[in-house]
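> Have a look; sequence and predicted model below, questions after that.
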Amino acid sequence: VQLVESGGGMVQPGGSLRLSCEASGFTFSNYDMVWVRQAPGKGPERVSYINTDGGRTSYTDSVKGRFTISRDNAKNTLYLQIDSLKRDDTALYYCARVGSGLGSYDYWGQGTQVTVSS
């Protein structure tokens, strides 16, 4: 199993980024997926969830209306569109596969850094 994130970078407040997570080594379309971020000095925070066919999504309150999760099962790729970036969005962003246990994530990518600064 491999998850590889990309698309991070340094942007000004109000800017946008699109993060991607390429999955391999498993049947991507069979698994729910999440994006988790970890800011400096803070614990991990799940920012968004998507079910297997993309028909059900959820977001943490602080990103609602600004982040959009999606997936392309034909391309084995998970996405996170991030708009109206704020300094508080600065973090390392990970994609993770939802495991069989409640609230468990069994595989993680290496992360992609998002830095919001003027």
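Noted; the coordinates are in hand.
> Could you pull out the buried residues of stretch 44-54?
Neighbour counts over stretch 44-54 (16 or more other CB atoms under 10 Å) mark 46, 47, 48, 49, 50, 52 as buried. Using the backbone N, CA and C atoms, a C-beta is placed for each residue, glycine as well.
> ok, so of those, who is nearest residue 72?
Residue 72 has its nearest neighbour among the buried residues of stretch 44-54 in residue 50, at 11.2 Å by CB to CB.
> what are the phi and psi values for that closest one?
phi -140, psi 140 (degrees, to the nearest 10).
> which SS state does the residue nearest the centre of the chain fall under?
Centroid-nearest residue in the chain: residue 35, 2.7 Å away (criterion: CA atoms, centre = their mean). What DSSP: H, G, I helix; E, B strand; the rest coil gives for residue 35 is strand.
> roughly how far apart are it and residue 118?
Separation of residue 35 from residue 118 (CB to CB, to the nearest Å): 24 Å.
> Residue 96 too?
30 Å.
> what about those two, which has more around it?
residue 96 (22 against 8; other CB atoms under 10 Å).
> Quickly list what the more buried one is bridged to.
Note on residue 96: beta-bridge partners by DSSP bridges are residue 34, residue 108.
> can I assume it is in contact with residue 105?
Yes. Taking contacts as CB atoms under 8 Å, residue 96 lies within contact range of residue 105: 3.8 Å.
> list the residues that contact both of these two?
34, 36 (CB atoms under 8 Å, 6 or more residues apart in numbering).
> picking that back up, right, and out of the buried residues of stretch 44-54, which lies closest to residue 25?
After measuring these against residue 25 - CB to CB - the closest member comes out as residue 52, at 16.9 Å.
> Look up the pLDDT of the closest one for me, please.
For residue 52, the pLDDT comes out at 96.
> now swap in residue 38 and tell me
98.
> next one: the one 3 residues further on
For residue 41, the pLDDT comes out at 93.
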